[in-house]
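Chemist: sequence plus predicted model, see below.
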Amino acid sequence: LAGMNWAATNKMDVVSMSLGSNVSTPDAPCVVAYQRAAELIVQQGGIVIAAAGNNGRSTTNPWVGQPARCSGFMAVAAVDRNRSLADFSSRGPDTLTEFRGIEISAPGVSVQSTWPGGDYRSLSGTSMACPHVAGAAALVKEIHSDWSPEQIRRHLKATASDLGVPGSDPGFGAGLLDCRSAV
């Protein structure tokens, strides 16, 4: 929360949040402190992108976690190289409103990432997918500096490659991020 407040104070254009916690019920409310912090960033013109969570294998609580389920965050699911939803990627439930569930998907399986000590490792998780969307949001903001966070959010979804059932769904959201189409 302190980092989010810093991002708002310093008017960051894009905030990428590869963190989260599971929820125990499908209708779990958003944590108010997260939502308020996200609203501060959005009011300053920034978009907040968040990892949806890695609880998709759970038979009891596979749902989008905190803070991604807050409407101030754009929740990102993970897909593999075959464009299949990663089995660990949190999803749904389908009762979450448009800005509280999965909004978009990005590569999140076997992604090369930095590792402490100056190393690199192949990692999997929605935390690997989230930065792809944040990077695309930054590119869109660079091109359209006058666009609001909501315009960027809607544009990324409108230019995504639809996966799963036609239209938005609780697993893939609007589909796979298509950075080329977005920019």
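Modeler: Great, that's in hand.

Chemist: rest of the way, CA atoms for contacts and neighbours
Modeler: Will do.

Chemist: ok, now which ones touch the residue sitting furthest away from the middle of the chain?
Modeler: Distance from the centre of the chain peaks at residue 117, with 27.2 Å (CA atoms, centre = their mean). Listed by CA atoms under 8 Å, 6 or more residues apart in numbering, residue 117 has no contact partners.

Chemist: make sure it is indeed in a strand.
Modeler: No - assessed with DSSP: H, G, I helix; E, B strand; the rest coil, residue 117 is coil; it does not lie in a strand.

Chemist: relative to residue 19, how far out is it?
Modeler: Separation of residue 117 from residue 19 (CA to CA, to the nearest Å) stands at 21 Å.

Chemist: try residue 87
Modeler: Residue 87 is 18 Å from residue 19, by CA to CA.

Chemist: and what of residue 45?
Modeler: Look at residue 45 and residue 19: by CA to CA, they are 22 Å apart.

Chemist: can you check residue 27 too?
Modeler: For residue 27 relative to residue 19 (CA to CA), the value is 20 Å.

Chemist: repeat that for residue 114.
Modeler: Applying CA to CA to residue 114 and residue 19 gives a distance of 16 Å.

Chemist: out of those two, name the residue with the larger neighbour count.
Modeler: The neighbour comparison of residue 114 against residue 19 (other CA atoms under 10 Å) goes to residue 19, with 16 against 12.

Chemist: so which helix or strand takes in the more buried one?
Modeler: Assessed by DSSP states H and E, residue 19 sits outside every helix and strand.

Chemist: leaving out sequence neighbours, find the closest residue to it.
Modeler: residue 51 (6.3 Å; CA to CA, 6 or more residues apart in numbering).

Chemist: ditto for residue 99
Modeler: Leaving out its chain neighbours, residue 99 is closest to residue 71 (CA to CA, 6+ apart), at 4.7 Å.

Chemist: pull the contacting residues for that neighbour.
Modeler: The contact partners of residue 71, by CA under 8 Å, 6+ apart, come to 35, 99, 100.
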